[in-house]
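> Everything below, folded, please.
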Amino acid sequence: MFKKIMVPVDLDQPEIAERAMSVAKELAMLGDAEILVISIATQPSSPEGVAEEARLEAYLSERRGALKMDGVLTLGGKVAKEIRYAAEEMGVDLIVMASHEPRLSDVLFGSRSAAVALHTQCSVLVVR
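Predicted structure coming up:
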């Protein structure tokens, strides 16, 4: 089973990420896995980045419970690329991502979840 599960979270849309978080929690309990929550900050060292880090910690503390859960705030950049990089660096077995309602840009350029699934070495589960 999976030992390290990553859940990318957009803190501006926590209700969407909650679907992925609930699936990740169930999988973690089944396999005694660790959950790594990741959020991408546009400017981590700026006041906005510091506030984002506090928001991530608050998000984690509300959901942690008895699970092994940790959070990482990564440098800004292309979201899919940052998720793939963090997964590789952290030795993640599975990425659980929530899908949002498709937009025109997703049709033209592809979604972030598709970019992660196509270009990462680990398994990816996209939750609707």
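> mind listing what's buried in the host helix or strand of Val124?
Assigned by DSSP states H and E, Val124 belongs to strand 123-127. Neighbour-count burial for strand 123-127 flags 124-127 (criterion: 16 or more other C-beta atoms under 10 Å). C-beta: built from backbone N, CA, C; applies to glycine.
> Closest one of those to Met90?
Nearest to Met90 among the buried residues of strand 123-127 is Val124, at 14.6 Å by C-beta to C-beta.
> so what's the backbone phi/psi at the nearest residue to Met90 once chain neighbours are set aside?
With C-beta to C-beta, 6 or more residues apart in numbering as the criterion, Met90 has its nearest non-adjacent residue at 5.9 Å, and that residue is Leu36. When read as degrees, to the nearest 10, the backbone of Leu36 gives phi -110, psi 120.
> OK, contacts around Leu36?
Counting by C-beta atoms under 8 Å, 6 or more residues apart in numbering, Leu36 touches 4-7, 69-72, 86, 90, 92.
> Adding secondary structure and pLDDT, write those residues out as TSV.
Formatted as TSV, these follow (DSSP: H, G, I helix; E, B strand; the rest coil; pLDDT from 0 to 100):
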residue	secondary structure	pLDDT
Lys4	strand	95
Ile5	strand	95
Met6	strand	94
Val7	strand	93
Met69	strand	75
Asp70	strand	77
Gly71	strand	74
Val72	strand	74
Ala86	helix	90
Met90	helix	92
Val92	coil	96
